[in-house]
Structures are given as structure tokens and as C-alpha cells.
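In: My questions concern the predicted model and sequence given below.
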Protein chains: 2
Amino acid sequence: MPKIVDPGARRLEIAEAVFRVIQRDGLAQASLRSVAEEAGLAIGSVRHYFRGHDELIVFAMRSLGDRLEARLLGHLPALLDPSTPRSRRQEITEELLGELLPLTEQTRAETDVWLAFSAAAKNRPDLAEEAARMYDGVRALVRRVLDGANEAGGLLEDLDLAVETERLAALLDGLALSTGRTSPELMRTVLRRHLETLRCPE
Amino acid sequence: MPKIVDPGARRLEIAEAVFRVIQRDGLAQASLRSVAEEAGLAIGSVRHYFRGHDELIVFAMRSLGDRLEARLLGHLPALLDPSTPRSRRQEITEELLGELLPLTEQTRAETDVWLAFSAAAKNRPDLAEEAARMYDGVRALVRRVLDGANEAGGLLEDLDLAVETERLAALLDGLALSTGRTSPELMRTVLRRHLETLRCPE
DNA sequence: CCCTTTGTAGCATGACTGTGCCAAATAAAA
DNA sequence: TTTTATTTGGCACAGTCATGCTACAAAGGG
């Protein structure tokens, strides 16, 4: 038959073009035409892999969520391993949660695109579904981190973990929102400070 | 001459129509036509008061910033008054910072529109200017609140107020971001809890 | 060699947009 | 009443958009 091409890989390539366009020009500019040009394809080719514009955007948002989820879960085993020493746990926790902050070029691009998606989701039911998945995913992850630290005896007693989960997740979201104004160094300091306030003295 | 109309008031009326359209359908739908219809005017009338679409959106964003600033500063005198008792200070602080959260229909509308503007500002220099003003304004306000509490002896000692300002401001931003998922009650609880952790024991 | 399937490309259409420009209505001033 | 500046209304154009549809190229099976 024709040129052998892996459709899944193609779709991911196109999704990456979507990310680049959104980061550079904003979600409103991520039309089929501009995405096709960014991907080095003809508009007809893009439409061969996606039913239409909506499906393209939803797929891009979903694959961003998948990518983030995979990276975050990669940090989790070391954290849940009971044999990991406490000092190392602190480092891992900061690294893991730092993945959600715009500290590097890579994560800055991700948070900017994620912000564009989240804002758009407020008025678009199809995106809202995926936005809710990200929201729940981040809360669930933060909760697991806090639970793990708690069981290891690393947290202050009498914490309401439901409240602390929301507090920490909101803090991360808020920092992600201030890309370009708050320096990465300050973000790190703020995150570290917040975790300090949760940890038990010894 | 013609109908006596206060241009400033008219511009504000139109800006409010912009807010309603953005909250209902998103910033991308806030075209001259849809805004004119929402305001009950002809498109030509709207264009009489604004040079073009860009100026309309920038003006709307600026007036939202002005409105928020005025409301927030209204709470400040009571807080800075040395004769205000400590228990009352706590209430006022919560009320003041709560203005930045989507707790009521009114403030929810404001935070949603503000989010739309903030996201758009990432790729639009004209909006970025106003977004930076809001960012700085919120930080400055939070800083004043913390400074005031500190001077009144209400805070833990040895706090790095620059870090704490950013931490609290980011928390507020993050909560504002999760409109529709996190309940107003939980938001209040999280804010109260955060303030507790800053207050000195007595 | 032909045929079928898959990928690539793009034309045509209708909808929506911002804006330049013009005309009418209005009401205060002369 | 006449004049005149302001306000209101909208036509017309060029641009961009998503999408239905068609056409062609490529490559492996018969």
C-alpha cells in the first residue's frame, strides 16, 4: 500500500506542533493551517489524521496530560520504597513536585500550554473533561506524596491531609501561573519553604 | 449637540458587556459584534468609543484591574488602624484576601475573566503590561497585609516575608484557578489554615 | 500489469472577523 | 430656524477559518 507510516506516531508529531504554536502564539492561533505549517505538512495531511480541529486540540491536550502523568509517576516508586532514607525522600519530593513548575525550558513550555488549555476549558465541555482529569490527577498525586510522608512519620501530626493536599496543589498551580514574573529560584525556595512547614521537627 | 452621553460611563458599560461575553463564551468569542449585541448597541456605536478591537479588550482588562484594586484597598484602612483588635484583624484579613477567590457569583465572574486575560497576556504584549500590573498589585497588597500583621506582633518570628508573600499570593492564584472544582468552603478552609500557620501561637 | 488501500494535497464554500468609510439621526448652539 | 458637532448605524471589503469534497501519488497484493 502507500508509504508505511505509524499513525499514532504521526498524531504525536502533530500534537507537538500544536504545543509549539500555542507556546509561541497562543491557543487562538492554533488553527489547522498554522499547525500544519509548523509540522511541515499540508493541511490535508493533518486532516487525514484528525477528524477536525476540535479533535486535534482535544488530542493535543490529552497527550500533554499523558506525558506529564508518565513523568510524575516515574518519580513515585523511589518515594514509596520504605528503604529510601529520609533525606533522600525530601529531595525526591522536591524534584517530583518541581516537575509541575516552570523551572526549565521544558517544564515552562508545558505549564504555559497547560494554562492555555485550562483557560479554554472553562468554556468548552470537551476540553473540560480533560482539564478535570489533570486536576484530579494532580490532587491524587499530591495526596499520595503526603500520605507516604505521613506513614513514614515525616509529617507534623494532626494535619488534615485533605486540606493540606488542596493547599499544596493550589500553591503549585499558582506558581505555575506566574511564569515569567516569579523567578525559578524563588519558586524553588517557596516550594521548599512550604514543605518545611509540613515536616515534623525531627 | 446630540444625545448627552458620558463617554467614560459608556465605555464602562461596554466593558461590562465584554466581561459577560468572556465569562459565558470565552475571550475568543469577545468580538466587536458579540460585545455590541451583548451591550444592546450597534457595532458602529461600540467602535465610536473604541478605536478598535484591541483597545476594547485592553480597556476592559484595565478596568477590571481598577475595580479589583478599589475593592481591595477599601479593606486596608481598618487593617492598618493600630486600634483594631487582633481578633477583628483576622476576620478582615480573611475577607480581604477572600476577595481574590471565587467565593461568590461576583468574585467568581471576576476570577474567571481575570484568568482569561492572564492566559491571553502570555502572547500579547499589550495585555502583558496590564497583567504585570495586577501581578505586582496583588504581591504588594499581600506584602502590606503581612507587614501590618508582623508589626502588630501577630506573626511568627524569623519569617522571610518576601518568600511568604510569594507563597500566599501563589496560593490565592492557584485557588482562583480551580473554579468549579474546589468548593468555596474548601477554599475558605485552605486560606484560613494557611493564615493559621503564619500566626504566632498567642 | 492492474487494483486497492493509504497518504498527500488542495480547491470551493460559507461563516465570521476587524476595519475603512459613509450616511443618517439627534440635539444643543447660533 | 439654521448650523454643527456628536452619536448611531451599517455597508463593503479583505482576511482567516473549518470543512466537504475531489484528485493524485505511492506501494504492496493479485
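Out: In hand now; what should we look at? Numbering: from 1, shown residues only, chains lettered A, B, ... in the order given.

In: And for residue A:132, the neighbour number?
Out: 13 (other Cβ atoms under 10 Å in any protein chain shown). Quick note: C-beta positions are derived from backbone N, CA and C, even for glycine.

In: Secondary structure element holding it?
Out: helix A:125-151 (DSSP states H and E).

In: Tell me if that helix is near DNA strand D.
Out: No: interface with DNA strand D: helix A:125-151 contributes nothing (Cβ under 7 Å from any atom of the strand), its closest point being 11.5 Å away.

In: repeat for stretch A:43-52
Out: Yes: residues of stretch A:43-52 contacting DNA strand D under Cβ under 7 Å from any atom of the strand: A:43-44, A:47, A:52.

In: Ramachandran angles for the most centrally placed residue in chain A?
Out: In chain A, the centroid-proximal residue (Cα atoms, centre = their mean) is residue A:68; its distance is 4.6 Å. With angles defined as degrees, to the nearest 10, residue A:68 sits at phi -60, psi -40.

In: what number of residues lie near the spatially closest residue to it that is not a sequence neighbour?
Out: Computed as Cβ to Cβ, 6 or more residues apart in numbering or on different chains, the closest residue to residue A:68 that is not its neighbour in sequence is residue A:110, at 6.6 Å. Neighbour count of residue A:110, defined by other Cβ under 10 Å: 22.

In: Can you name the residues that contact residue A:110?
Out: A:64, A:67-68, A:102 (Cβ atoms under 8 Å, 6 or more residues apart in numbering or on different chains).

In: Looking at these, which is nearest DNA strand D?
Out: In terms of Cβ to the nearest atom of the strand, no member of these lies closer to DNA strand D than residue A:64, at 18.3 Å.

In: wait, what's in contact with residue A:17?
Out: Applying Cβ under 8 Å, 6+ apart, we find residue A:17 in contact with A:35-36, A:38-39.

In: of all of chain A, which residue lies closest to DNA strand D?
Out: Residue nearest to DNA strand D within chain A: residue A:52 (2.7 Å; Cβ to the nearest atom of the strand).

In: Need phi/psi at that residue.
Out: Dihedral pair for residue A:52: phi -170, psi -170, per degrees, to the nearest 10.

In: now do residue A:183
Out: Backbone torsions of residue A:183, given as degrees, to the nearest 10, read phi -70, psi 150.

In: So for it, what pLDDT did the model give?
Out: At residue A:183, the pLDDT value in this model is 98.

In: circling back to that earlier point, does the helix holding residue A:132 reach chain B?
Out: Yes: Helix A:125-151 reaches chain B (Cβ under 8 Å from any Cβ of the partner chain) through A:132, A:135.

In: Quick one: residues in contact with the following helix or strand past that helix.
Out: Next in sequence after helix A:125-151, counting helices and strands by DSSP H and E, comes helix A:161-177. Contact with helix A:161-177 is made by A:97, A:100-102, A:111, A:114-115, A:138-139, A:142-143, A:146-147, A:150, A:182, A:187, A:190-191, A:194, A:198, B:118, B:167, B:169-175, B:177-178, B:182, B:186, B:189-190, B:193-194, as judged by Cβ under 8 Å, 6+ apart.

In: Narrow these to those that are buried.
Out: Those of the contacts of helix A:161-177 that meet the buried threshold are A:97, A:100-102, A:111, A:114-115, A:138-139, A:142-143, A:146, A:150, A:182, A:187, A:190-191, A:194, A:198, B:118, B:167, B:169-175, B:177-178, B:182, B:186, B:189-190, B:194, by 16 or more other Cβ atoms under 10 Å in any protein chain shown.

In: What count of nearby residues applies to the closest residue to DNA strand C within chain A?
Out: The nearest approach of chain A to DNA strand C comes at residue A:44, 2.2 Å away (Cβ to the nearest atom of the strand). Residue A:44 has 9 neighbours, counted by other Cβ under 10 Å.

In: Same question for the one 3 residues further on.
Out: Counted by other Cβ under 10 Å, the residues lying close to residue A:47 total 16.

In: Dump the contacts of residue A:17 into CSV; add neighbour count as well.
Out: Shown next, in CSV, are the contacts of residue A:17 (neighbours: other Cβ atoms under 10 Å in any protein chain shown):
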residue, neighbour count
A:35, 26
A:36, 18
A:38, 18
A:39, 19
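
In: thinking again about what came up before, looking at this, the residue nearest to residue A:68 is in a strand?
Out: No: under DSSP: H, G, I helix; E, B strand; the rest coil, residue A:110 falls outside any strand and is assigned helix.

In: any low-confidence regions in chain A?
Out: A:1-5, A:202 (pLDDT under 70).

In: The contacts of residue A:110: which ones sit near DNA strand D?
Out: Subset of the contacts of residue A:110 in contact with DNA strand D: empty, counting by Cβ under 7 Å from any atom of the strand.

In: can you name the two of the residues you listed that are farthest apart?
Out: The most widely separated members of the contacts of residue A:110 are A:67 and A:102, with 15.3 Å between them, by Cβ to Cβ.

In: one step back: how far off helix A:161-177 does the helix holding residue A:132 point, in degrees?
Out: 120 degrees (axes from the mean of the first three to the mean of the last three Cα atoms, to 10 degrees).
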